[in-house]
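*Asks:* Starting from these lines, generate the structure:
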Amino acid sequence: MSPHAVRQFGTWENPGHDLEGYFDEHFRRPRPIGFVVTPNWRPATDVFETVEAYHVLMDLAAMHPEEIAIHFEGHTLTVSGVRQDGTRGQRHYHKMEIQFGPFERQLRFPRPVDADEIRSGYERGILEIYLPKAEERPGVARRVPIR
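*Replies:* The predicted structure follows:
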């Protein structure tokens, strides 16, 4: 490529794809073995609504249900926990995107939720929480067990 040529990054379908590769290729620095992970990560979360309830799906791969806490108070659902790094030994990472450590997500719902009827389940790395809508009344604080 000539020194005056302009390098084009990405396409309309995936802008930035080539840019990420360029930076990975030209500016990669080896990470020290004991590098610090992000203190709080944000698991991917989907929230959708049906006529009768709100539904929350959260990607918590490689976690055990006992590592996850679910709490509901007022109009706010809080999901927190710690994903442990199960790897042992020293590794030289070329790319590290899987995050470990503590997390907390708070979701506020516009309508009251029947806290006594909140249910949750955890299967194949996905936490699913069912929050049935309620009539206008104050929410009750409650810890939600994972079944």
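
*Asks:* and D116, that one's in a helix?
*Replies:* Yes - the assignment for D116 by DSSP: H, G, I helix; E, B strand; the rest coil puts it in a helix.

*Asks:* Look at it and say how many residues are nearby.
*Replies:* 10 (other C-beta atoms under 10 Å). (Glycine included, C-beta is placed from N, CA and C.)

*Asks:* pLDDT at H94, what is it?
*Replies:* On pLDDT, H94 comes in at 84.

*Asks:* ranges for the helices of this structure?
*Replies:* Remark: helices assigned in the chain by DSSP state H are 17-27.

*Asks:* residues near I68, how many?
*Replies:* 21.

*Asks:* The chain should start at 2 in everything you say after this.
*Replies:* All right, first residue 2 from here; so that's I69.

*Asks:* Show the contacting residues for it.
*Replies:* Shown in contact with I69 (C-beta atoms under 8 Å, 6 or more residues apart in numbering): 61, 80-82, 123, 128, 147.

*Asks:* Could I get those residues in a markdown table, plus columns for pLDDT and neighbour count?
*Replies:* Below are those laid out as a markdown table (pLDDT from 0 to 100; neighbours: other C-beta atoms under 10 Å):
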| residue | pLDDT | neighbour count |
| --- | --- | --- |
| L61 | 97 | 20 |
| V80 | 97 | 23 |
| S81 | 97 | 15 |
| G82 | 96 | 22 |
| Y123 | 97 | 17 |
| L128 | 98 | 22 |
| I147 | 87 | 17 |
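
*Asks:* of all those, which comes closest to E53?
*Replies:* L128 (20.1 Å; C-beta to C-beta).

*Asks:* Grab the nearest non-local neighbour of that closest one.
*Replies:* The shortest distance from L128 to any non-neighbouring residue, by C-beta to C-beta, 6 or more residues apart in numbering, is to M59 (4.4 Å).

*Asks:* how deep is that neighbour tucked in, by neighbour count?
*Replies:* M59 sits with 25 neighbouring residues when counted by other C-beta under 10 Å.
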